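From the sequence below, what's the structure:
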Amino acid sequence: MNNRNVVRDIVLRFGKTLNEHSKHMKCFCAYGVQLEGWLKGEFLVFLDELKSTKEIVNFDREVSSGSGRRKVDFCIEISTGVSSELIWVEIKHWLIGYQKGYKYNSLFYFGDPSSVGIKPDVEKLLEIERGSKFLLILATANPGDEWLTGVSRFNGKFSPLSLAPLTMPEEFPTSYFPGLLEVMKIS
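Coordinates of the predicted model:
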């Protein structure tokens, strides 16, 4: 199984954990909050379970990306049978809805070049030479069709940076969406 499929499988399984907390995500959306720390904690517990069952070799959190004080949320080591490979995952939590009178949608986050958007995260991941790079974005609520429109907008606006969607909104309920994106640079 290639790294894309391994990470997609991990995220789909993590989606079941999120589904157990669907009440949380509805509440987050209703109150217009983004709780990235909560998401990282849930993912940490999930990865710890995968490590204890030997479904992954190891993982680390807040790993230096090699440039200054920049860190990536998670580095997961998987076995390829012969050797092991690294999978880098940056976590984001996006509110899809209203916060303090302003409406946020995935098109906004994909198009914003500041730290509110994902462009700086993509650039940080691409500085890492070894391994595969991914963004895991928990959207509360599910962005629906705007997700793919946003990916296209990002790819056009920030080329040669490129994102490939590996999960789709229709695979999840309306209250949340764990959007998995592979991060690449088109040469």
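
Sheet-wise, list the partners of the helix or strand containing Gly179 with their directions.
Of the helices and strands defined by DSSP states H and E, Gly179 is found in strand 177-185. For strand 177-185, sheet partners with direction are given as strand 132-140 (antiparallel), strand 161-165 (antiparallel), following DSSP bridges.

counting contacts, what elements does the helix or strand that comes right after the first one pack onto?
Same thing as strand 132-140. Reading on from strand 132-140 to the C-terminus, the next helix or strand found by DSSP H and E is helix 146-157. With contacts defined as 3 or more CB pairs under 8 Å, 6 or more residues apart in numbering; DSSP states H and E, the secondary structure elements packing on helix 146-157 are helix 106-111, strand 161-165, strand 177-185. C-beta here means a position set from N, CA and C on the backbone, and glycine is covered the same way.

so who does the spatially most central residue of the chain touch?
Within the chain, the residue whose C-alpha comes closest to the C-alpha centroid is Leu136; the distance, by CA atoms, centre = their mean, is 0.8 Å. Under the criterion of CB atoms under 8 Å, 6 or more residues apart in numbering, the contact partners of Leu136 comprise Val11, Phe43, Val89, Glu90, Ile91, Lys92, Pro178, Gly179, Leu180, Leu181.

Report the two members of those separated by the largest distance.
Of all pairs drawn from the contacts of Leu136, the greatest distance, 15.3 Å, lies between Phe43 and Leu181 (CB to CB).

hey, C-alpha coordinates of the longest strand seen in the chain in CSV?
Longest among the strand segments of the chain by residue count, using DSSP state E, is strand 84-95. The C-alpha atoms that make up strand 84-95 are tabulated as CSV, following Å, rounded to 0.1, in the frame of the first residue of the first chain:
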residue,chain,number,x,y,z
SER,A,84,10.2,2.4,7.1
GLU,A,85,9.0,5.7,5.7
LEU,A,86,8.0,9.0,7.3
ILE,A,87,4.7,10.7,6.9
TRP,A,88,4.4,14.3,8.0
VAL,A,89,1.0,15.6,9.1
GLU,A,90,0.1,19.2,9.9
ILE,A,91,-3.3,19.6,11.6
LYS,A,92,-5.7,22.4,11.1
HIS,A,93,-9.3,23.1,12.4
TRP,A,94,-11.5,25.2,10.3
LEU,A,95,-14.8,26.7,11.3
